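K.L.:
mind folding the following:
(2 chains)
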Amino acid sequence: AQSVTQLGSHVSVSEGALVLLRCNYSSSVPPYLFWYVQYPNQGLQLLLKYTSAATLVKGINGFEAEFKKSETSFHLTKPSAHMSDAAEYFCAVRRGSSNTGKLIFGQGTTLQVKP
Amino acid sequence: DAGVTQSPTHLIKTRGQHVTLRCSPISGHKSVSWYQQVLGQGPQFIFQYYEKEERGRGNFPDRFSARQFPNYSSELNVNALLLGDSALYLCASSLRTSDRLNTEAFFGQGTRLTVV
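P.N.:
Numbering: from 1, shown residues only, chains lettered A, B, ... in the order given. Presented below is the predicted three-dimensional model:
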C-alpha cells in the first residue's frame, strides 16, 4: 500500500526566507511523486513531479524538490519566499507501474508568509 | 485553451437528496478522475474513467457512482446525501490512463457541495 505523510500542518516563514515543506512516502514499488498547490477556493495546480528521471526536480514559481530513496522523502523547497506563495501545499504519490492514475495525497501543509 | 471545467461551482442540498456534478476535461484528454476533499484534508480518490470505462474506484459507498460520455465529459452522482458528503469535489483530466509517458493530471476548480 502507498501512503504520504506531510510533516507539519502549518509552516510560517518570513518573506525572503527559505521555504521547506516536508513529505515522506511509503511505497512498495517505484513511485511517481508530485507536489500540488491550492489557493483558497480553487483547484489544484501542479508545481512539479518526479517520474524516476533526475532526482532533483525543478518546478514552477522557483520551487524544487529532491527525491531521496534512502530517506523515502520528497521535500519541497524554495530559496526565497514571496507573499504570493501563501497557500495550501499537497504532496501526492502514485504507483509508477499502475494502470490507473490514482493519486494518494497527504493531509496538506498550509504555508503562511509574513511580511 | 480551456482547462478542466466543472459545474456547478457551488451547490446546497438537503440530506437524503441526490446530486449530479459535471466535468468537462481538457480537449483531447480521455481520462477523468474524481476526488473528494473534505475541509482541512487532502483529496481522496473516488473514481477514474478512461474511454468510458471505470478503471479505478476508491473506498466510497455505492451511493457514489459516475459515468463518462462519448465526448469524454463525466458526471459524478451521489444518492441519499449525508452531512458528511459536504466537501469540495474535484475533477482531474489526463491524456490517457497512467503510464510512463502520461503522468500529469490537471484539476478543475471544483464543486463545493454543502449538505444541510
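K.L.:
quick one: low-confidence parts of chain A?
P.N.:
By pLDDT under 70, the weakly predicted segments of chain A are A:96-100.
K.L.:
so which bits of it are right by chain B?
P.N.:
A:4, A:32, A:36, A:41-46, A:49, A:51, A:90, A:92, A:94-96, A:98-108 (C-beta under 8 Å from any C-beta of the partner chain). All C-beta spots, glycine's among them, are computed from the backbone N, C-alpha and C.
K.L.:
switch the cut-off to 7 Å
P.N.:
A:32, A:42-44, A:46, A:49, A:51, A:90, A:94, A:98-103, A:105-108 (C-beta under 7 Å from any C-beta of the partner chain).
K.L.:
up against chain A, what does chain B have?
P.N.:
Within chain B, the residues that sit near chain A (C-beta under 7 Å from any C-beta) are B:31, B:33, B:41-43, B:45, B:48, B:55-56, B:90, B:94, B:97-98, B:100, B:103-105, B:107-110.
K.L.:
show me which of these are buried.
P.N.:
B:31, B:33, B:42-43, B:45, B:48, B:55-56, B:90, B:94, B:97-98, B:103, B:105, B:107-110 (16 or more other C-beta atoms under 10 Å in any protein chain shown).
K.L.:
mind showing which ranges of chain B have poor pLDDT?
P.N.:
Using pLDDT under 70, chain B drops low at B:1, B:97-103.
K.L.:
could you pull out the strands for it?
P.N.:
For chain B, the strands defined by DSSP state E cover B:5-7, B:10-13, B:19-24, B:31-37, B:44-50, B:53-57, B:64-68, B:74-78, B:87-94, B:106-107, B:111-115.
K.L.:
how far does the shortest one sit from the chain's center?
P.N.:
Spelled out, it's strand B:106-107. Relative to its chain's centre, strand B:106-107 lies at 11 Å (C-alpha atoms, centre = their mean, to the nearest Å).
K.L.:
do the fourth one as well
P.N.:
The gap between where strand B:31-37 is centred and where its chain is centred comes out at 4 Å by C-alpha atoms, centre = their mean.
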